[in-house]
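[1] Below are the sequence and a predicted model; questions follow.
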Amino acid sequence: MRSQILDYLSSLKIRNFQVSEELPFLKDGEPLYQKNFRRFYVSRPEITQEPLYDTLNGTSIVTETETVTVYVSVDAKNQPSNYADMITQVQAAKTSPGYLGRQLRTVTITETMDSDSIIAEFTFSFQRLKLS
């Protein structure tokens with residue numbers, strides 16, 4: 001899912017924002033997305049499986065959830081004029097056709113203030129049924 005989110009963000013071409021292929025790791029003790037304003041960073045996917053049905057022959061059906069987080073920060077004092085539009089466009093990534101076969105697609109948006117920046121975190125979750 002990480003590559004589909006990166007492709008989606010790159011296709012948007014939101015004015016004044018860029019997409020980074022780098023992971024949102026720490027540099028000098030600070031996350032990259034806090035150092036580089038208006039640049040999207042996408043985490044590695046986290047995959048969890050929960051059993052739904054177990055059969056007598058050992059086969060089971062599980063609900064697999066894949067979660068990916070997108071980070072972006074902006075200067076709190078000089079927010080881009082298209083900030084609200086950017087939030088709406090990134091939120092729409094959950095409906096991209098690249099996620100066919102996922103019966104549940106959700107996104108949670110969290111905005112936090114950290115000194116002179118606003119950090120937006122988009123947590124995307126995609127669920128599907130899978131034989132295990």
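    Sure, I can see it.
[2] Pull out the buried positions in the longest helix seen in the chain.
    Longest among the helix segments of the chain by residue count, using DSSP state H, is helix 2-12. By neighbour count, with 16 or more other Cβ atoms under 10 Å as the criterion, the buried positions of helix 2-12 are 2, 4, 5, 6, 8, 9. Where you see a C-beta, it was placed from the backbone N, CA and C, and this is true even at glycine.
[3] Can I get those residues in JSON lines including pLDDT?
    Below are the buried residues of helix 2-12 laid out as JSON lines (pLDDT from 0 to 100):
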{"residue": "2", "pLDDT": "90"}
{"residue": "4", "pLDDT": "91"}
{"residue": "5", "pLDDT": "93"}
{"residue": "6", "pLDDT": "93"}
{"residue": "8", "pLDDT": "93"}
{"residue": "9", "pLDDT": "94"}
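[4] Quickly name whichever of the residues you listed is closest to residue 106.
    Closest to residue 106 out of the buried residues of helix 2-12 is residue 5 (13.7 Å), distances taken as Cβ to Cβ.
[5] ok, which stretches of the protein are strands?
    18-19, 26-27, 30-31, 39-42, 46-54, 60-75, 104-114, 117-131 (DSSP state E).
[6] partners of the third one, with directions?
    If you go by DSSP bridges, strand 30-31 pairs up with strand 26-27 (antiparallel).
[7] any idea how far the strand it pairs with is from the chain center?
    The chain centroid and the centroid of strand 26-27 are separated by 19 Å under Cα atoms, centre = their mean, to the nearest Å.
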